[in-house]
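In: Can you look at this prediction? I've put the sequence above it.
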Amino acid sequence: MLIATALVFIMHLGFATLEAGFVQRKNTVNILFKNTMIIAIGLLTYYVIGFGLMYPGGEGGGFFGFGGFGLSLPEGDAGAIAYADGHYTYWTDFIFQAMFAATAATIVSGAVAERVKLGPFLLFATIFVALSYPITGMWKWGGGWLNEAGFYDFAGSTLVHAVGGWGALACVILLGARRGKYTSDGIKPIPGHSMPLAATGVFLLWFGWFGFNGGSVLSADPLAVSLVFVTTSLAAAAGAVAAFIASYLLFKSHDLSMVLNGVLGGLVGITAGADLMGPGEAILIGGIAGTLIPFAVVFFDRIKIDDPVGATSVHLACGIWGTLAVGIFGAKAGWSQLLTQLYGTLAIGAFTFAFAFGLMFILKKTMGIRVSEEEEEKGLDVTEHEMHAYGESVSDQPVAAFEMAK
Amino acid sequence: MLIATALVFIMHLGFATLEAGFVQRKNTVNILFKNTMIIAIGLLTYYVIGFGLMYPGGEGGGFFGFGGFGLSLPEGDAGAIAYADGHYTYWTDFIFQAMFAATAATIVSGAVAERVKLGPFLLFATIFVALSYPITGMWKWGGGWLNEAGFYDFAGSTLVHAVGGWGALACVILLGARRGKYTSDGIKPIPGHSMPLAATGVFLLWFGWFGFNGGSVLSADPLAVSLVFVTTSLAAAAGAVAAFIASYLLFKSHDLSMVLNGVLGGLVGITAGADLMGPGEAILIGGIAGTLIPFAVVFFDRIKIDDPVGATSVHLACGIWGTLAVGIFGAKAGWSQLLTQLYGTLAIGAFTFAFAFGLMFILKKTMGIRVSEEEEEKGLDVTEHEMHAYGESVSDQPVAAFEMAK
Amino acid sequence: MLIATALVFIMHLGFATLEAGFVQRKNTVNILFKNTMIIAIGLLTYYVIGFGLMYPGGEGGGFFGFGGFGLSLPEGDAGAIAYADGHYTYWTDFIFQAMFAATAATIVSGAVAERVKLGPFLLFATIFVALSYPITGMWKWGGGWLNEAGFYDFAGSTLVHAVGGWGALACVILLGARRGKYTSDGIKPIPGHSMPLAATGVFLLWFGWFGFNGGSVLSADPLAVSLVFVTTSLAAAAGAVAAFIASYLLFKSHDLSMVLNGVLGGLVGITAGADLMGPGEAILIGGIAGTLIPFAVVFFDRIKIDDPVGATSVHLACGIWGTLAVGIFGAKAGWSQLLTQLYGTLAIGAFTFAFAFGLMFILKKTMGIRVSEEEEEKGLDVTEHEMHAYGESVSDQPVAAFEMAK
């Protein structure tokens, strides 16, 4: 579990490099700053309030509960060890869950990149992680009403990924597209500034996912954990191959960003049922998720949802798919389960979307959430941080005068 | 074992960044694309056919066997746990081995970089991982004839690294050197585009090697695993220092790429006998491997084997050295063992070289394996992927017109 | 413990990328070369002499002792297992400690970057790791006189980090500032060349710190290790947030490098007492460490200690703070403990500073420690290594003539 915690932590580096790679050079410092702050804020708010909201204890079955601020050892050291029948300690449980919590906000940060104001976004992230994520998380993992209803989400296709995706969707709707993305001449691609950074991010996320899914077994049962490693890996692999084939058939291209998002789509897709599937089912689920990726990217572009890193395609579309797949494949498949999965997905989606939309709406009306046209043009690195991401990469060339003139 | 699996996975990021760093900027997307696809294809083909070929079960001692397509739990869950006397489960065994399998093809991808056609290469990689790697792997690890003969290869100096190296050699011979490398004016260096990426790759490979060698103990025997950590680390360190000294004496230079390949050479060299050596012997083996590196690089350049990342020097030369070293140093040293090691090395080398050469030859005659002169000049990122690795790094400068004109 | 060893290893990649990101582009190969060599040299010298100096065995309580060169299994395999009451093997102990040893020299390498001569620096690093680090390390962890005196340093706020920081301070004083840093017009910032590299380094260091602090429990006691994970994470998070707030109040800026160093400051601060603190105390300690960062950076700049990566602020200032904090917060708090902490800090600081100053002074008088003005201007990559870090990033542009002309 503790090793899994460390692996989940490294997913935050994965998100940071993935998102940095997919944004323009002029907004790189900004995205790194946001992602560093989000994990810090996420851990602190989860300590202060999140853990108490998500695991309120008591009877269970509810819509809302609160176990108190901060952490308190259940009956001292002995209680902390006996916690969870000795499978893991109270501290382990907290830190593993805390590493998850910030993920939802990190997903949002990619989607709103390159034009969101720093201060209001950090405020949004803080409140979203402190309140919205743990409330819906409690519904299932804290023993709440969806758990009673039989909803299944092993490691968070819905509770983590779709929650992040719904938050991203709400924010992008209120924020609008980047300038110059959707023009009268059609959709103009705005390529990311570093494919090696983006690819590094995807490999690190896959690496961390072994902790994300493997640790969610919540014990060291070797058969269960090893099966989860197999299904997770095969789904990711199938996602890559399927996204490759689908994007080749659709666009006649060998688009690296599609393959990378295919890996992530496969991982998000298998997350809800990683412990219920056999290897063949994992390949099917990952393959369908990977196939979804290019279609989702085109779909969101058509409806002018401008998402620089593809977070809605990966985390929302494939998160919903993975949650529904629990009712279609594997040990729990069946109409009744499928309906429950649909029901849970919609309930959590509706709450999260409404929460994120309302919160961002208030921030928009009060602080403003979007930088000025001029700031967007110049890039957030210079306007928000007075730094360049690549200090000398321009100025040590003969054209340094350009840089000096700024 | 499962943690070792995750560590071996991260080696694929190590290979991706190492190879990306050592190629030219204009071929960066291409190498990342190939390495992402290879791990995906490798996992899937190993699931479909490779595991069955490598571990056919039955009597043992053979040249070829096949245990069937896909995975099937031996006698259900109970059998999966009892598998391997409870040291690890059936799923663990599969996923650990599957992570290894793709390594051989990844080694080839570095050597053929910057001029191989994408489609034929992916076809080569698929068949090489599906058939060639598991067949020779079975000879030793699957209980085949080399195992019976007493051949020893702890974690794959020959079975993984030299196999990749022989495949690379065969492909490079058929493919030819990059244009402009061997000119009438002598050998022209074509420097890689990012030393930070390359160095990151080497550190990640070292990190992953703890899983590669540590996991190959195939149990959690703490004495054996901890000794393997010590020998692996000391061999890598000695490889770095020896390559530094050797390349300084040869070229009067402080060449970072030599030191980085010295680390890898030390790691490849110790891999065959990591559990048989004491610390002093590990330092000797790693030191000799590191010393080999600059000589091997010069040798392959002399015979016009153009290998942009030094894969043949690292994986072939040091893989052979490490395999032979089992007969020279450590617990199994002796003339008889040395001859067996030589014999096994040659047998696996001959099979692998012939297989790779034959396969690539067929692809050359049918699909063609090399891009056109114009494509090589422009770079594979633009011609195969219609992308730049560093979206804006050119166009956001005053000379953006250059980019526009394309 | 072995997993912790692998995690501590990856900290060396973290240091390499952090320091590479914070130096100018023209010195990138040089810093990567130094950091690769330091880990290699560190492991070998710790094998040859360091481990024997740090763990001399015998009565304990002394100032100096030596257990002999190299490693020798205590009473064979059985002794190696029984070592440490079976909590970990003799090999495990060696390799875990060896990974720590090189850290101190790596900290120095960041501070002296961009103007130190390669050869003398590697000589300094070798001797510093071989003698200075293990001698002061023995004082506490080897059962020496500070251990007898009740000094507490769980995982090395002083023994590793402040030792590196004192070494850095001594070297920077002898070396002087980079040209153009402190001018008659005031202090001129010399920005690093890659914020993504620097940020990657900080995340990897945090990741590795789970092994650094978690492994220092020296057993797999789940309650103790899990508490250490919680305190380590919360201190890092508090360090980031506090550095953000403090640097915003001081400079009205959102400076990414301050936040990144805030994370590291929090981690260094909690290291001495990670097992003694509750979550709230960890947040306080990390928060104070993060607040210290911008003040320390300004302070060292005022007294013209030019430290390109902020190593003295992070490792020296926060290392001292963390050591003292053991006397202020947590299970051992009290005036007596605080005085002992102060005493130990000063004793180790005095020895280390004197050792490093003396050694570097001799090197300065004999070999010279600083490159020429012309070499500093051109950059160490070209003058020491005849390489560019980014092979083509200049030459594949229309302005390639610039590169050719060199």
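Out: Right, received. Where do you want to start?

In: What does residue A:368 show for phi and psi?
Out: phi 80, psi 140 (degrees, to the nearest 10).

In: ok, for it, nearest residue in space, not its chain neighbours?
Out: Of all residues not flanking residue A:368 in the chain, residue A:117 sits nearest, at 6.4 Å (CB to CB, 6 or more residues apart in numbering or on different chains). C-beta here means a position set from N, CA and C on the backbone, and glycine is covered the same way.

In: got it, and residue A:264?
Out: For residue A:264, the spatially nearest residue (CB to CB, 6+ apart) is residue A:314, at 4.6 Å.

In: which residues touch the one you found?
Out: By CB atoms under 8 Å, 6 or more residues apart in numbering or on different chains, residue A:314 lies in contact with A:161, A:165, A:261, A:264, A:265, A:268, A:293.

In: Whichever of those end up buried, select them in PyMOL.
Out: Filtering these down to the buried ones (16 or more other CB atoms under 10 Å in any protein chain shown) takes a single PyMOL command:
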select buried, chain A and resi 161+165+261+264+265+268+293
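
In: And the residue of the stretch 51-200 of chain A closest to chain B?
Out: Here the stretch 51-200 of chain A gets closest to chain B at one residue, residue A:191, 3.6 Å apart by CB to the nearest CB.

In: can you pull the contacts of the residue nearest to residue A:368?
Out: For residue A:117, counting by CB under 8 Å, 6+ apart, the contacting residues are A:367, A:368, A:369, A:370, A:371.

In: count of residues packed around residue A:184?
Out: 4 (other CB atoms under 10 Å in any protein chain shown).

In: Check residue A:62 too.
Out: 15.

In: got it, and the one 4 residues further on?
Out: Applying other CB under 10 Å, we find 15 other residues in the vicinity of residue A:66.

In: List the contacts of it.
Out: Here residue A:66 is in contact with A:52, A:53, A:56 (CB under 8 Å, 6+ apart).

In: related to what we said a few turns ago, in three-state terms, label the residue nearest to residue A:264 for me.
Out: helix (DSSP: H, G, I helix; E, B strand; the rest coil).

In: pLDDT score for it?
Out: You'll see residue A:314 listed with a pLDDT of 97.

In: Any regions of the stretch 51-200 of chain A where pLDDT drops low?
Out: For the stretch 51-200 of chain A, the stretches with pLDDT under 70 are A:58-61, A:72-87.

In: how about the strands of it, start to end?
Out: Ranges of strands within the stretch 51-200 of chain A are A:182-183, A:186-187, based on DSSP state E, counting those that start in this stretch.

In: which of the ones you listed is buried the deepest?
Out: Burial of these is given as mean neighbour count (mean count of other CB atoms under 10 Å in any protein chain shown); strand A:182-183 ranks first at a mean of 12.

In: Need the nearest residue in space to residue A:195, chain neighbours excluded.
Out: Nearest to residue A:195 is residue B:389, by CB to CB, 6+ apart, at 4.5 Å.

In: Give me the neighbour count for that neighbour.
Out: Each residue near residue B:389 was counted by other CB under 10 Å, and the total is 32.

In: Tell me who's in contact with it.
Out: A:194, A:195, A:196, B:25, B:26, B:28, B:29, B:32, B:381.

In: ok, now residue A:264?
Out: A:202, A:205, A:239, A:314, A:318.

In: From chain C, how far out is it?
Out: 18 Å (CB to the nearest CB, to the nearest Å).

In: Show the subsequent helix or strand relative to the helix or strand that residue falls within.
Out: In the assignment (DSSP states H and E), residue A:264 maps to helix A:256-271. Using DSSP H and E, the next helix or strand after helix A:256-271 towards the C-terminus is helix A:279-302.

In: now for that next one, which elements pack on it?
Out: helix A:222-251, helix A:256-271, helix A:318-325 (3 or more CB pairs under 8 Å, 6 or more residues apart in numbering or on different chains; DSSP states H and E).

In: could you dump these to CSV with mean pLDDT?
Out: Shown next, in CSV, are the helices and strands packed on helix A:279-302 (pLDDT from 0 to 100):
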stretch, mean pLDDT
helix A:222-251, 94
helix A:256-271, 97
helix A:318-325, 97
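
In: Need the winner for burial among the ones you listed.
Out: Scoring the helices and strands packed on helix A:279-302 by mean count of other CB under 10 Å, the most buried comes out as helix A:256-271, with a mean of 31.

In: tilt between that one and helix A:279-302?
Out: With axes from the mean of the first three to the mean of the last three CA atoms, to 10 degrees applied, the angle from helix A:256-271 to helix A:279-302 works out at 130 degrees.

In: any idea how far helix A:256-271 is from the chain center?
Out: 12 Å (CA atoms, centre = their mean, to the nearest Å).

In: Tabulate the CA atom coordinates of that helix in CSV.
Out: The C-alpha trace of helix A:256-271 is given here as CSV (Å, rounded to 0.1, in the frame of the first residue of the first chain):
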residue,chain,number,x,y,z
LEU,A,256,1.6,10.4,-31.5
SER,A,257,-0.8,12.4,-29.3
MET,A,258,-3.6,10.0,-30.2
VAL,A,259,-1.5,7.0,-29.3
LEU,A,260,-0.5,8.6,-26.0
ASN,A,261,-4.1,9.5,-25.2
GLY,A,262,-5.0,5.9,-26.2
VAL,A,263,-2.8,4.5,-23.5
LEU,A,264,-4.4,6.8,-21.0
GLY,A,265,-7.9,6.0,-22.3
GLY,A,266,-7.2,2.3,-21.8
LEU,A,267,-6.0,2.9,-18.3
VAL,A,268,-9.0,5.0,-17.3
GLY,A,269,-11.3,2.5,-18.9
ILE,A,270,-10.1,-0.5,-17.0
THR,A,271,-9.9,1.3,-13.7
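
In: Okay, angle between that helix and helix A:222-251 too, please.
Out: Using the same axes, to 10 degrees: helix A:256-271 against helix A:222-251 is 140 degrees.

In: what about the stretch 251-400 of chain A, any weak spots by pLDDT?
Out: A:392-400.

In: thinking again about what came up before, out of the contacts of residue A:66, grab the one that's most surrounded.
Out: Counting by other CB under 10 Å, top hit in the contacts of residue A:66: residue A:53 with 23 neighbours.

In: about what we covered before: test my guess that the residue of the stretch 51-200 of chain A closest to chain B contacts residue B:391.
Out: Yes. Contact status for residue A:191 versus residue B:391: in contact at 3.6 Å, counting by CB atoms under 8 Å.

In: the more surrounded of the two?
Out: residue B:391 (22 against 17).

In: and that one, what does it touch?
Out: A:24, A:25, A:191, A:192, A:193, A:194.

In: nearest to residue C:298, of those residues?
Out: Distance to residue C:298, by CB to CB, is smallest for residue A:25 among the contacts of residue B:391, at 29.4 Å.

In: and the nearest residue to that closest one once chain neighbours are set aside, how far is that from residue A:296?
Out: Of all residues not flanking residue A:25 in the chain, residue A:193 sits nearest, at 3.9 Å (CB to CB, 6+ apart). According to CB to CB, to the nearest Å, residue A:193 and residue A:296 sit 23 Å apart.

In: higher neighbour count, these two?
Out: Neighbours were counted for residue A:193 and for residue A:296 using other CB under 10 Å; residue A:193 has more, 27 against 22.

In: What backbone torsions are found at that one?
Out: Dihedral angles (degrees, to the nearest 10) for residue A:193: phi -100, psi -10.

In: count of residues packed around the residue of the stretch 151-300 of chain A found nearest chain C?
Out: The nearest approach of the stretch 151-300 of chain A to chain C comes at residue A:197, 5.8 Å away (CB to the nearest CB). Using other CB under 10 Å, residue A:197 has 24 neighbouring residues.

In: got it, and the one 3 residues further on?
Out: Other residues near residue A:200 come to 29 when the count uses other CB under 10 Å.

In: That one contacts residue A:21, doesn't it?
Out: Yes. Using CB under 8 Å, residue A:200 is in contact with residue A:21, at 7.5 Å.

In: Next, the buried residues of stretch A:210-224.
Out: Those would be A:210, A:211, A:212, A:213, A:214, A:215, A:216, A:217, A:218, A:222, A:223, A:224, for stretch A:210-224 by 16+ other CB under 10 Å.
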